[in-house]
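can you look at this prediction? I've put the sequence above it.
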Amino acid sequence: MKRFATYGIRECARIGALVLLLVGGIVSECAARNYLRFNADFSYARDMMRSGVGPSFIEELTPEQAQEWVGSGRTESLKGSNGFAPALGFGYRYMHNLFLLDLGLGVEYRYCMNQPYDIADAQLGAIDTQRLPYIGHHYWTDRTMKCEHLGVTLPVMFGAEIKKIYFMAGVKAGLELWGSSKERGNYTMQAEYERYMNILVNIPGHDIVEKDPYVGALVNNSSIQWNIRACAEVGYCLGGAEANPYSTKMEPRYYVGAFVEYGFMGTSGAYLPLLAGVRVTALLSLPEPQECKCYNW
């Protein structure tokens with residue numbers, strides 16, 4: 001019985017090997033090709049929100065904390081954002097029949113003009129210079145924030161190329177090595193006195209001001225922050241050398257495509273980007289002088 005079982009296993013292994021050889025005859029190893037990839041991107045950019053920063057409700061802030069919050073340029077979400085993001089990258093592309101695999105490294109600069117939400121805060125139990133109690137109402141309004149980000153990106157993309165049309169999807173890790181933000185807006189302070197039965201406004205001598213312009217501090221990130229993006233790309237092969245498994249030259253191919261990237265997670269304090277733009281790609285085929293191992297059936 002053991003001999004029969006061993007014989008059966010060997011026969012199954014032989015049949016499996018024969019199937020692999022038959023598949024190899026249809027899908028030849030020569031269909032595989034390796035390329036160096038170079039790309040240049042230019043895209044419309046938005047900072048959607050800042051990941052995991054700040055309290056759930058801005059009313060929890062004291063005026064001092066709110067002022068520090070404004071000066072630091074931190075915010076949980078944004079009501080508007082517009083900018084641009086040029087990038088350069090290089091890497092490796094593997095092609096096997098229709099299948100594509102992209103790995104690489106890129107350098108990205110992102111500039112966004114953001115519009116954070118206004119901040120309103122009530123300060124209870126305040127005492128003025130005359131030792132009179134009052135409730136302070138603080139407002140930071142008309143806020144605009146100029147943000148710059150410089151970092152590297154690490155993409156992993158899979159896809160296919162069919163008759164010069166290609167499409168790819170995957171993920172990209174963004175590592176922000178440097179960033180800065182500068183905020184402008186208006187600060188308003190009002191005082192509510194119980195004895196006066198109304199709210200006093202615009203008394204600069206008592207620091208009660210109305211729409212006093214301010215400029216927040218410029219902030220440089222000293223720690224590396226990261227974000228993860230979902231990516232998709234579709235485009236067209238403009239021309240160049242066809243994949244030739246017998247060639248020993250670095251032959252170029254050129255592509256143009258459109259892409260979109262959506263940041264969905266990141267470290268606390270990292271801005272999550274939304275990018276949509278155009279990508280120009282050049283491929284240089286890597287020489288493969290070794291003998292072609294094809295099976296002809």
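Perfect, thanks for sending it. Numbers count the residues shown, from 1 in each chain.

so where's the stretch 51-200 of the chain shaky on pLDDT?
Applying pLDDT under 70 to the stretch 51-200 of the chain flags residues 51-77, 129, 197-198.

the helix or strand in which Lys79 is found: partners in the sheet, and parallel or antiparallel?
Counting by DSSP states H and E, the element that carries Lys79 is strand 78-96. Here strand 78-96 has these sheet partners by DSSP bridges: strand 32-50 (antiparallel), strand 99-116 (antiparallel).

list the buried residues of it.
Of the residues in strand 78-96, those buried under the neighbour-count criterion (16 or more other C-beta atoms under 10 Å) are Leu78, Ser81, Gly83, Ala85, Ala87, Gly89, Gly91, Arg93, Met95. Heads up, the C-betas are built off the backbone N, CA and C, glycines and all.

my read: Tyr123 touches His138, true?
Actually, residue 123 is Gln. It isn't Tyr. Yes. Judged on C-beta atoms under 8 Å, Gln123 makes contact with His138 at a distance of 6.5 Å.

where does the nearest residue to Leu200 once chain neighbours are set aside sit: helix, strand or coil?
Setting aside the residues directly before and after it, Leu200 is nearest to Ala191 in space (C-beta to C-beta, 6 or more residues apart in numbering), at 4.7 Å. Ala191 falls in the strand class when you classify it by DSSP: H, G, I helix; E, B strand; the rest coil.

just grab the bridge partners of Ala191 for me.
When assigned by DSSP bridges, Ala191 has beta-bridge partners Gly136, Leu200.

kindly report the same for Ser180.
Judged by DSSP bridges, the bridge partners of Ser180 are Glu148, Asn220.

run a quick neighbour tally on it.
Neighbour count for Ser180, taken as other C-beta atoms under 10 Å: 14.

ok, Val201 next?
Other residues near Val201 number 13, with proximity taken as other C-beta under 10 Å.

check Phe259 too.
When neighbours are counted by other C-beta under 10 Å, Phe259 comes out with 19.

show me what the helix or strand in which Phe158 is found is packed against.
Phe158 belongs to strand 133-162 when elements are defined using DSSP H and E. Applying 3 or more C-beta pairs under 8 Å, 6 or more residues apart in numbering; DSSP states H and E, we find strand 133-162 packed against helix 63-72, strand 78-96, strand 99-116, strand 119-127, strand 165-193, strand 225-240, strand 271-285.
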